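> The following comprises the amino acid sequence and a computationally predicted model.
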Amino acid sequence: QVQLAESGGGLAQAGGSLRLSCAASGRTFSLYGMGWFRQAPGKERELVAAISWSSGRTNYAESVKGRFTISKDLAQNTLYLQMNTLKPEDTAVYYCAAQTRFRVSQVGATDYDYWGQGTQVTVSS
């Protein structure tokens, strides 16, 4: 199993920045990819960004391209999400997720095997 623990959420003003971290533990040698999802009240969980654990190839939602950056630290088994130029519509609970076997897709929530507990991000206007 893989355990995921997010940190770094909080309150920011529009135009500001936050950095989320996700520490992975357990069977981290089995990681194929990781991603950040978010879920706002009354909405479905959606992919924000994903990264291949070996190649580093990234994938972003259109709504965050140019503002958010996903990155990883292999030595620390940690995933990051740098969020800049935040908007009120970025307000959501953000979840870290891990894939532990190869899948063609990294887009859907069902493509992931393990989830963190989530961290709240609130952006005020």
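Perfect, I can see it now. Every value quoted in this text rests on a predicted model; they were computed, and no experiment measured them. Numbering: from 1, shown residues only.
> Would you map the strands across the chain?
2-7, 10-13, 18-26, 33-39, 46-52, 58-60, 68-73, 78-83, 92-99, 114-115, 119-124 (DSSP state E).
> Can you give me every residue that contacts the spatially most central residue of the chain?
The chain has residue 36 as the residue nearest its centroid, 1.8 Å off, counting by CA atoms, centre = their mean. For residue 36, the contacting residues are 20, 22, 47-50, 70, 79, 81, 94-97, by CB atoms under 8 Å, 6 or more residues apart in numbering. Just so you know, the C-beta spots here come from the backbone N, C-alpha and C atoms, and that holds for glycine as well.
> From the opening residue of stretch 50-57 to its closing one, how far?
8 Å (CA to CA, to the nearest Å).
> Distance of the residue lying farthest from the centre of the chain relative to residue 86?
For the chain, the residue at maximal distance from the C-alpha centroid (CA atoms, centre = their mean) is residue 125, at 22.9 Å. Separation of residue 125 from residue 86 (CB to CB, to the nearest Å) stands at 10 Å.
> now residue 55
28 Å.
> These two: which has the busier surroundings?
residue 86 (22 against 8; other CB atoms under 10 Å).
> contacting residues for the closest residue to residue 97 other than its chain neighbours?
Of all residues not flanking residue 97 in the chain, residue 112 sits nearest, at 3.8 Å (CB to CB, 6 or more residues apart in numbering). Residue 112 makes contacts with 35, 97, 98, 99, as judged by CB under 8 Å, 6+ apart.
> so which of the residues you listed comes closest to residue 4?
Closest approach between the contacts of residue 112 and residue 4, by CB to CB: residue 98, at 6.1 Å.
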